[in-house]
Structure formats: C-alpha cells, structure tokens
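Novice: The amino acid sequence is not available; the structure is as follows:
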C-alpha cells in the first residue's frame, strides 16, 4: 500500500480559473470538497464519505461551512488522474504538511487533501468570532500530507518571522498556521474613523508562521452585486 | 537522550514551518533536522515568549539568530520542565509558569464566550418581553372585544386538530350547552363575547378558550367528570380567561415569539408567523392568569348558584392522575400553579364565597352523557 502523501499534484491553467491535477498511483486516496470534481480516469472509484464519523461531519458542516460528505477518490484498479476545481474563480495553493504545524482555514478555503490530513472544527475566542469575519468556528487542518487551499482571486503567502506583525483585512483571510497568534482590532484609531474608512475590523497576526490572503473579498462582491439585484415591489 | 518534536522557522520566516526535533545538550539546545544537528543554541542566550492561539506554544529565539533557523515553537510540558532547570533562574521561573498563563487565556476565552452568550440571551429576552408587553398593552387598548370577535371569526378553525365537532343535537353538546348557558346568564358584565361552543369527540381530558370567546370541550373531559357541576367549574375557568382577555394577550405573546424565532432562524417570510398563531396547544397562560381564571371561575359558579366543591373535586381528580409527575420543583419549571396549590386557593375562596342557595343541575342525565362520551 503506497503512502498517500506521494500523490503528485499540479496546478493547471494558473490564474483566475485553475484546476488541480492529481496523479494517483494504485491504492492512493484523495479527499475533496463535494462537487469539486471536474474529470477523472475511469478506474478511479468515487464515493461520498463522512470523515471522522457522523458527529464530526455534522459539526464540520454546521460550524465550519465545509461539506458534510467529502468525495473520496481512490485509485483502486491501477493509476489514474483526478482533476478538481474550486467553486469561486481564484487561485489554488498546494500546501505540504509535515505534521509539525496545524493550519486554520476560513469557511470555503479548503478544497482537497491527501489521506493523512484531518479536518476538524476549531472554536475561536469572542473577539475573533465576532469581528474576524471568520465566524466563531474555523476548520483546523492537521496531519501529514498535501492540502489544497482555494481562494477568491489571487492567493498570497505571507511568511512571518518570530514576533513579526502583519495586518490583514478580515474578509481577505484564507488560512494561517496555528503557530501564528492573531487578534482582531479596529482598522483605524477610533471606532468612527474605522468605519468611515470602510475597513471596520482587521486581524493582526504575530509570527512566526504563514498567513494566506486572497486578493478579492466574497463579501465585497456580494455587496457590489446586491446593488444590481432586482428588488421586490 | 530524549528528543522532543518541534517546529522550526527561518530567521525571516521564509520557507514556512519545518518539522524538527530538540535535544537538551550539556550546555546548549540542539536542533535536529533530518537526523542532523543543524543548530546549537546556548541555554543562557535563549529568549522565550508565547506564540499561537491563546499563547499555547512556547516560542524560543536565540539572542543572535542563526543562518538557517530563526525561531522554534514547541508544545511539550516535559520539555519545558526539563529546560527550566538549564536556563538562568528568571527564565526558568517563566517556563515553570508558562502553562498557567496559557490556561488563564483559555479560561478567559470561555468565560467571555459564556458571559457574552448569557448577556445576549438576556438582552433578547428583555427585548422580547418589552416589545410584547408594549404590543399587549396596545392591543388591549385599541382592539375592542367586538373587533376581537369579528377577527377571530375569520381565523381557520384551530380546534379542528382535535377532530370534528359533535352536532348541536348530540346529547353531550346539548348538556354542555345547557351548562354554558347557565354560566353565561351569570355574567352580567359580559362585554359581548358570544361563547360559541364546540364539543369534540376526543379522548383527551381537556377544555380550551379561544380568541373571540369560543369554548372547546373534548369528550375525554365529559367522560372523566362525575357531574355537570365539575364541568361547570372548568367552563367558568375558561370563560374567565376570555373575559379577562388572557386569550388575546396569549395570542400577542405567541405571535411575538414566532416573529422573534423567525428573525433568529431566518425563516424570512414573517407574514407566515401569523399562520396558526391561534393554535390551541401553543397558547399558554401565566401563573397569575391561571390563578385569576380559577378565582373568576369560582365567582361565576357562585353567581350561577352552583357549588364550588365539584370544581375542587375535579382538581383532586387531576391531582391523583398526575401525582407521579408532580415534583417539588414543578412550580419552578412551569408557569402554571400545581393542582395542589390551586386546590388550596380554591378551598379558601369557597369559604369566602357563600352562595345564597345552591341549585345544582337537575335536568341533565349525566350518566348518559358520560356513557355517550366514551
């Protein structure tokens, strides 16, 4: 039985509409967000599966916004390829995990992972839950293997040295390492200035670790679109 | 020598986190990657801090950063304890109390979350009661009995959930109608409630008052009652709920609750909240309203020259049936006074109210009504 962490991944059509190409050898298994499959070799077996049992799956769906069922893709009869795509237009990022550090991922930021990677809900503290834009629960990704992150727009990796600080507008946050402490604070000095500046709250990260940001905000898109939506009456 | 798993970061953070292992050497902390010692940091040069969520991880940095590794995070109590005796005393003390500070952060997080939850619940409850109390006062002032009767006539028949009503010619309906008529005649200050009666074939032992003064009696009640006077007590109680306008107040509270729940659950169309707001099982009265209805019912009985004792007897019957469910805490968890408490209050009232002359029902053959109700 080969180790799943040697699945070879490639990002095709990098830019706004990328897909993830995974090269599976016989016995390899890949877990992907439900509905993310684009195409695959005929010898790949696909089935919906709850990871971590009913309770864990329910909590994950309820609290982190991730899907109840994952697509379990297994190369049962020889090698094959799987192509996955995220729902929003935006880049994908392959993150190699050596088990040394966990990652926190915002709602909808997770696309796929190899078998050794585990996803569970993680509760944030009060100010993070209320003001970070990530909600009270985020997905905690742990284990060894490869994880695929997805974003709306381009994804950028910010690597912070020990005690280095960095500010991220809360709706542009995708994921961050558990070694990175963060707190929410007003974007500008004073409540009124913060909101008149249009930023409100931001997240202040403190290294060491990595923070992934997205170049577009889904909330900003929704606000922009709502101006053009037909209204009743 | 023991090795402890940790995470290493480059001096500028580039390259991301990398797994490493730590060994406590004689004079320096040894950092191993891929089974090779990549760095040695002298104990006296180490600096410590909290890192990660709630400050759970121990961040170690050397006074002078190395070329490949700039910092390390580790989450291991044994390692912290072992390291604490190798570093200068002040830093050793910091390491010994490191867990306390992390634990304090965790407790603070949970305390704040629970406190915020309680305050939010309290605020929502306060807003709900404030708004419904204001709405109830407005309805009582501006919604006349005549309007209530007209409005309730347009509502769907919520009693239909219990079954079809018996025809007016049915002996059970006729008997209850006779009791109701006697009581109606004993209400000189009725503001205009018609007290329309529906007797429904249903095993449940229950009777209800609805908006607009509609009275619903289930045959299970007739089956259990030993005399028409017992039923009269129950009807007097329900009629008082109507006369004191408890029913319309319950409707306002019920509607308010539905809107509130709808807002939280995001049901969207609030107009649907009004649907079924007169549902029988969903209208509940406060403890004070129940006691007022007991007292008002007893007063109607007295004015109708009917004995109060059968009404008390009926409660005794209820008491015996629900004895197992009656606990010392029942009053705290229910808005309704327990049957025992209600009996005591009614007995005290019965002594005060002295009917001039009791005239029990003589024209009702209760044995055949009971038999017909089965």
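Specialist: Yes, it's here. Just so it is clear, the structure is predicted and the values come from calculations on it, not from any experiment.
Novice: Setting aside sequence neighbours, what's the nearest residue to residue 99?
Specialist: With no chain named, the answer covers chain A. Leaving aside its chain neighbours, residue A:99 sits nearest to residue A:144 (4.2 Å; criterion: CB to CB, 6 or more residues apart in numbering or on different chains). Every residue, glycine included, has its C-beta placed from N, CA and C.
Novice: could you do chain B instead?
Specialist: residue B:77 is the one closest to residue B:99 (CB to CB, 6+ apart), at 6.4 Å.
Novice: Secondary structure class of residue B:205, three-state.
Specialist: Following DSSP: H, G, I helix; E, B strand; the rest coil, the label given to residue B:205 is coil.
Novice: Now do the contacts for residue B:63.
Specialist: Neighbouring residues of residue B:63 by CB atoms under 8 Å, 6 or more residues apart in numbering or on different chains: B:45, B:46, B:47.
Novice: Kindly indicate the member of these with the most neighbours.
Specialist: residue B:46 (20 neighbours; other CB atoms under 10 Å in any protein chain shown).
Novice: Pull the number of nearby residues for residue 85.
Specialist: I went with chain A, as the question did not name one. 21.
Novice: should've been chain B
Specialist: Burial of residue B:85 is recorded as 12 neighbouring residues (other CB under 10 Å).
Novice: ok, now residue A:183?
Specialist: Residue A:183 - counted by other CB under 10 Å - has 14 other residues nearby.
Novice: What count of nearby residues applies to the closest residue to it other than its chain neighbours?
Specialist: Closest residue in space to residue A:183, ignoring its immediate chain neighbours: residue A:204 at 5.4 Å, by CB to CB, 6+ apart. For residue A:204, the tally of surrounding residues (other CB under 10 Å) stands at 13.
Novice: So what touches the helix or strand where residue A:204 lies?
Specialist: In the assignment (DSSP states H and E), residue A:204 maps to strand A:201-206. Defining contact as CB under 8 Å, 6+ apart, one finds that strand A:201-206 is touched by A:128, A:131-133, A:158, A:160, A:163-170, A:173, A:176, A:180-187, A:194, A:211, B:51.
Novice: Give me the neighbour count for the residue nearest to residue B:99.
Specialist: 11.
Novice: Same question for the one 4 residues further on.
Specialist: Residues near residue B:81, counting by other CB under 10 Å, number 14.
Novice: Looking at the residue in the stretch 51-200 of chain B that chain A sits nearest to now. What's its pLDDT?
Specialist: Closest to chain A within the stretch 51-200 of chain B is residue B:71: 3.5 Å, counting by CB to the nearest CB. Reading off the confidence values, residue B:71 has pLDDT 94.
Novice: hang on, it packs against residue A:209?
Specialist: No: counting by CB atoms under 8 Å, residue B:71 sits too far from residue A:209 to count as a contact (9.8 Å).
Novice: so what's in contact with the two at the same time?
Specialist: residue B:9.
Novice: okay, those two: which has more neighbours?
Specialist: More crowded of residue B:71 and residue A:209, by other CB under 10 Å: residue A:209, with 32 against 27.
Novice: picking that back up, phi and psi next, for the spatially closest residue to the residue of the stretch 51-200 of chain B closest to chain A that is not a sequence neighbour.
Specialist: The shortest distance from residue B:71 to any non-neighbouring residue, by CB to CB, 6+ apart, is to residue A:162 (3.5 Å). The phi/psi pair for residue A:162 (degrees, to the nearest 10) reads phi -60, psi 130.
Novice: still on that earlier bit, what's the angle from the helix or strand following the strand holding residue A:204 to strand A:201-206?
Specialist: Downstream of strand A:201-206, the first helix or strand assigned by DSSP H and E is strand A:209-214. Orientation of strand A:209-214 against strand A:201-206 (axes from the mean of the first three to the mean of the last three CA atoms, to 10 degrees) gives an angle of 150 degrees.
Novice: who does strand A:209-214 pair up with?
Specialist: The pairing partners recorded for strand A:209-214 under DSSP bridges are strand A:155-160 (antiparallel), strand A:173-177 (antiparallel).
Novice: So which of those strands has the densest surroundings on average?
Specialist: Greatest average neighbour count among the strands paired with strand A:209-214 goes to strand A:173-177 (a mean of 27), per mean count of other CB atoms under 10 Å in any protein chain shown.
Novice: Next SSE downstream of that one?
Specialist: Later in the chain than strand A:173-177, the nearest helix or strand by DSSP H and E is strand A:181-186.
Novice: show me what contacts the residue nearest to residue A:99?
Specialist: Contacts of residue A:144 by CB under 8 Å, 6+ apart are A:5, A:97, A:98, A:99, A:116, A:117.
Novice: May I have the phi/psi pair for it?
Specialist: Dihedral pair for residue A:144: phi -120, psi 140, per degrees, to the nearest 10.
Novice: So in terms of bridging, what pairs with it?
Specialist: As for beta bridges, residue A:144 partners with residue A:98 under DSSP bridges.
Novice: So what's the residue count around residue B:128?
Specialist: Using other CB under 10 Å: residue B:128 sits among 16 other residues.
Novice: Could you count how many residues lie near the residue lying closest to it once chain neighbours are set aside?
Specialist: Closest residue in space to residue B:128, ignoring its immediate chain neighbours: residue B:260 at 5.3 Å, by CB to CB, 6+ apart. Residue B:260 has 17 neighbouring residues, counting by other CB under 10 Å.
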